[in-house]
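Chemist: With the sequence up front, the predicted model follows.
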Amino acid sequence: MKKLSILSLSILPLLFPSLALAHDVAGGNGFMAGFSHPVLGFDHLLAMLSVGVLSAQLGGQAMWKVPTAFVVVMLFGGVLGMAGMQLFSVEQAIAFSVFALGVAIAAAKQAPSIVAMLFVGFFALFHGNAHGLEMPHLSSPELYATGFIIGTAAIHVAGVGIGLVARKFSDGSQLLRYVGAGIAGIGFHLFVM
C-alpha cells in the first residue's frame, strides 16, 4: 500500500489544470523548441502520458504499436502545420483528446491494437498540427520536428512505464482508472473553458 501511495503522489501533480494550454513555449529555435512543446504544454503532456498508460493497459504489442502510430500520424499533422495548413478546431480537438484518453484509461477496456491505433491517431493529427503551426519563425523544420518527435516519444515511454509499474501493485489497475477519470475531468475543463 505504501508503494501505491508513492505512485499516486507522483501522478498527483499531473492533475492540476492551471498550467494547461502552455503552447507559447520558449526553448530555442530548433530542436529544443520542438522538444519543449509537448513537454511543457500541459494539455499535450497529459495526452502523451495517457497514450503511454493506455498502451500499457492494453499490453502486448499495443505497448509499442499504439505510441508509434501516434508519433507517425503526429508527424504528418506537424508537416501540414509547418506548411501553414491549419486543421479545424485544433485547440478544442487537443482538449477533447485529453478527455477521451482519460475516459479510455478509466474504462480500462481491452481493444484490438488497430482500434487503439486509429483512436490515438485521430488525435495525433491535431497534436502534430499544433506543433507544426507553432514552429518558431527561424527554426529548422527538420530539427524542430525531431525535437517534438523525441519529446513525444519520451513522454509515451514515461506513460508506459507508469502503466507497467501500476500493474505490479494489487490496486494499481484501480489507481490508473482513477487517474484516467481525473485526466478526463481536466480534459473536460479544458474543452469547456
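Modeler: Yes, it's here.

Chemist: so where's the chain shaky on pLDDT?
Modeler: Flagging of the chain using pLDDT under 70 yields the residue ranges 1-29.

Chemist: And whichever strand or helix holds residue 66, what's buried?
Modeler: Following DSSP states H and E, one finds residue 66 within helix 62-82. Within helix 62-82, the residues scored as buried using 16 or more other Cβ atoms under 10 Å are 62-63, 65-67, 69-71, 73-75, 77-82. In this view, the C-beta of every residue, glycine as well, is placed from N, C-alpha and C.

Chemist: Kindly provide the distance from the most centrally placed residue in the chain to residue 70.
Modeler: Residue closest to the average C-alpha location in the chain (Cα atoms, centre = their mean): residue 48, at 1.6 Å. Taking Cβ to Cβ, to the nearest Å as the measure, residue 48 falls 8 Å from residue 70.

Chemist: Name the residues contacting each of these two.
Modeler: Shared contacts of residue 48 and residue 70 (Cβ atoms under 8 Å, 6 or more residues apart in numbering): 127, 152, 156.

Chemist: Can you convert the residues you listed into CSV and add a column each for secondary structure, neighbour count and distance to residue 166?
Modeler: Formatted as CSV, the shared contacts of residue 48 and residue 70 follow (DSSP: H, G, I helix; E, B strand; the rest coil; neighbours: other Cβ atoms under 10 Å; distance: Cβ to Cβ, whole Å):
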residue, secondary structure, neighbour count, distance to residue 166
127, helix, 30, 24
152, helix, 31, 21
156, helix, 26, 16
